[in-house]
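In: Curious how this folds, go ahead:
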Amino acid sequence: VAVAARGHRPARGAGLTALGVPVSPGLSPVSPIHVYTQREVYGTVGSSVTLSCSFWSSEWISEDISITWHFQAEGSRDSISIFHYAKGQPYIDDVGTFKERMEWAGNPRRRDGSIVIHGLEPSDNGTFTCDVKNPP
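Out: You can find the predicted model right below:
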């Protein structure tokens with residue numbers, strides 16, 4: 001089973017200042033969160049695989065930080081949410097193919113949003129996306 005993981009780099013707050021794009025007068029600047037994942041992860045059917053997600057921000061990590069993992073099956077155009085961390089608690093999707101096979105392995109205080117998927121199946125082949133938000 002081959003798995004591709006992508007990191008999203010959502011901005012913190014409202015407005016745009018990523019990559020030198022100016023902010024309109026009156027809006028406060030935002031600081032991006034840099035999210036890092038492995039480009040590809042390989043595992044064999046029946047084994048476990050860790051999907052690493054680390055992040056960095058020049059801003060303080062808020063108690064309201066949220067981490068969401070999405071999955072897009074190979075050949076599909078749709079992406080589904082499979083995991084969410086918010087308010088200090090992990091929430092694994094209670095429906096779907098990953099519900100009994102996923103484990104939270106992250107620690108936001110250490111800037112880690114990793115998950116583990118157990119019992120890999122051929123249908124797990126696809127793209128996993130780690131999305132980190134650090135409000136406000």
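
In: Quick one: residues contacting the residue nearest to Lys133 when sequence neighbours are not counted.
Out: Closest residue in space to Lys133, ignoring its immediate chain neighbours: Ser66 at 4.8 Å, by C-beta to C-beta, 6 or more residues apart in numbering. The way it works is simple: take the backbone N, C-alpha and C, and place the C-beta from them, glycine included. Contacts for Ser66 (C-beta atoms under 8 Å, 6 or more residues apart in numbering) come out as 84-86, 132-133, 135.

In: Tell me the one of those residues nearest Ser114?
Out: For the contacts of Ser66, the minimum distance to Ser114 (C-beta to C-beta) is 10.6 Å, reached by Tyr85.

In: so what's the closest one bridging to?
Out: Bridge pairing for Tyr85 (DSSP bridges) gives the partners Ile67, Pro90.

In: go on, Val116?
Out: Thr50, Glu103.

In: So it sits against Glu103, correct?
Out: Yes - here Val116 reaches Glu103: they are 4.3 Å apart, a contact under C-beta atoms under 8 Å.

In: Pretty sure Asp124 sits against Ile82.
Out: No - in this structure Asp124 lies outside contact range of Ile82 using C-beta under 8 Å: 10.4 Å.

In: what touches both of the two?
Out: Listed contacts common to Asp124 and Ile82 are Phe98; contacts here mean C-beta under 8 Å, 6+ apart.

In: Show me the shaky parts of the chain.
Out: When residues are selected by pLDDT under 70, those of the chain lie in 1-30.
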